[in-house]
Structure formats: structure tokens, C-alpha cells
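**Q** requesting a structural model of the entry that follows:
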Amino acid sequence: MSPRANPFVPSESVSVAPEQEEAVLHDSLLGQRLMESGPTDPSALPITPGDVDSATWPKVHISADSVTRLTVMGLHGGSGASTVATLLGADAVDHGRTWPVPPEGMALGVVAVCRSHWRGLEAADAFTMQWAAGLLNESTLLGLVIVDDGPSLSDGQRKAMRRLLKRTPRGIHLPWVEAWRHASPDAGKIPGRVTRIVRQLHSAAASL
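**A** All right, here's what the predicted structure looks like:
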């Protein structure tokens, strides 16, 4: 039997063996679980503004005609926010690195994104601490997505990621996909695991 085509790249690209294809879809951090579940309300966490030692996260007011139910926010440069926004589809907007403040009475769901390297995890720690302390309450945080910065994770990365993913309503890990270094995720078939995560985020945003 001839090897199946890699679902992440256009059909004209080189095919890979089935076992390689399955390895791309495997999440070595969460296994079969799609995401971690954390507190939906920051008041459930024993963290106060006095516990926050990082600079206040920048915010920006957005106009009513710019509000979307699903907004992607990068926690640092090169966070992978554009990749996540692409996966979420046309209904999602890559908002940049500031916390969006919609007009009063309008609902807005935010998906925060960082990389798994030290800079990304440090930014995620500062951001989630401020959210937990109730300092970022103008919009609704739907969850945190940590995007792998390489094909493998160290024990230190795994420990920090597990802690951070449990600190927000939904903690999502996006494993390394080699093909996405060469082409946009929407250039080929999206993995079923990712598709299910996308559906859950859209459902959460729609219920706001």
C-alpha cells in the first residue's frame, strides 16, 4: 500500500508514512484530552492585585463595529497568534498584544496565545496572574493556547505549561507541526484534534 499524503501540506507535496502522520497529531503533554479545564471566574483563584508584580497589561478600547465574538491576542512577539487565528477561521480576529476593551454591554471572547519557550511562558505567567487578580475583566478570557516552539519539550517546559494551562478557563496545547513552518495551516487538511478544539472555542464564544 502506498503511503498516505500528509494532511498538513498540499497534495503535490511529498507524502509521508502513516506512522509519521500520526506522530504529528499526537499531543505528548495532554494525551487524549483536548484541553485542561480551569476556573471560569478569576475570583475562584486566591490571587489579589497585591500578588501581581508585573507591569500593568496594556489595554485598548475598541469601537462597536470592530467587536468580534472571538478575538486572538498574542502575549508576545512571535507568539503564534496569527497561526491560531488562521485555525479559528474568518470569524476570529488577530487583535495584537493588547487586552481589548469593548463598549459597555458588548461581549467579547479572548483567546490568549504564547509560545512554549521561556519568554512565552514568562509572558503567560504575567498575563494569567493579572487575569486571576481581576485586573483584566472588561472582556471574557476563553482560554490560553500554548504553541510549541520546537519538536520536543523539556521537563521544565512541561511542568510550567501544565501549571499555566490550569490557570485559565481552557488550557490548550498546540503541538509542533513541522509542515506549518513551510505553509499556512489552511493550506491543507486540519487535524481532527485541532478541529474539535476550534469548535469548542467557537461554541464558548457564541454563548457569551
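**Q** and the residue nearest to residue 61 when sequence neighbours are not counted, how many neighbours?
**A** Excluding the flanking residues, the one nearest residue 61 by CB to CB, 6 or more residues apart in numbering is residue 101, at 4.7 Å. Bear in mind the C-beta positions are built from the backbone N, C-alpha and C, glycine included. When neighbours are defined as other CB atoms under 10 Å, residue 101 has 16 of them.
**Q** for residue 48, see how far away residue 101 is.
**A** Counting by CB to CB, to the nearest Å, the gap between residue 101 and residue 48 amounts to 22 Å.
**Q** ditto for residue 127
**A** According to CB to CB, residue 127 and residue 48 sit 16 Å apart.
**Q** what does residue 77 give?
**A** Distance, residue 77 to residue 48, by CB to CB: 30 Å.
**Q** and residue 177, by the same measure?
**A** Here residue 177 is placed at a distance of 39 Å from residue 48 (CB to CB).
**Q** per-residue pLDDT, the nearest residue to residue 103 once chain neighbours are set aside?
**A** Nearest residue to residue 103, sequence neighbours excluded (CB to CB, 6+ apart): residue 64, at 5.0 Å. pLDDT, residue 64: 89.
**Q** confirm residue 161 sits in a strand?
**A** No: read with DSSP: H, G, I helix; E, B strand; the rest coil, residue 161 is helix and lies in no strand.
**Q** can you pull the contacts of residue 173?
**A** Going by CB atoms under 8 Å, 6 or more residues apart in numbering, residue 173 touches 27, 29, 30, 35, 145, 146, 148, 161, 165.
**Q** swap in residue 87?
**A** 185, 186, 190, 194, 198.
**Q** buried subset of the residues you listed as a PyMOL selection?
**A** To isolate the buried members of the contacts of residue 87 in PyMOL, using 16 or more other CB atoms under 10 Å:
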select buried, resi 185+190+194+198
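**Q** show me what the helix or strand hosting residue 156 is in contact with.
**A** Per DSSP states H and E: residue 156 is located in helix 155-165. Residues from elsewhere that reach helix 155-165 (CB under 8 Å, 6+ apart): 29, 35-36, 38, 116-117, 121, 124-125, 128, 144, 146, 153, 171-173.
**Q** which stretches of the protein have low pLDDT?
**A** 1-25, 187-188 (pLDDT under 70).
**Q** if we can go back for a sec, residue 177 and residue 48: which has the busier surroundings?
**A** Comparing residue 177 with residue 48 by other CB under 10 Å, the one with more neighbours is residue 177, at 19 against 11.
**Q** centre-most residue in the protein?
**A** The centroid of the chain falls nearest to residue 145 when counting by CA atoms, centre = their mean (2.1 Å).
**Q** angle of whatever helix or strand that residue lives in against helix 155-165?
**A** Using DSSP H and E, residue 145 sits within strand 140-147. If you take axes from the mean of the first three to the mean of the last three CA atoms, to 10 degrees, strand 140-147 sits at 170 degrees to helix 155-165.
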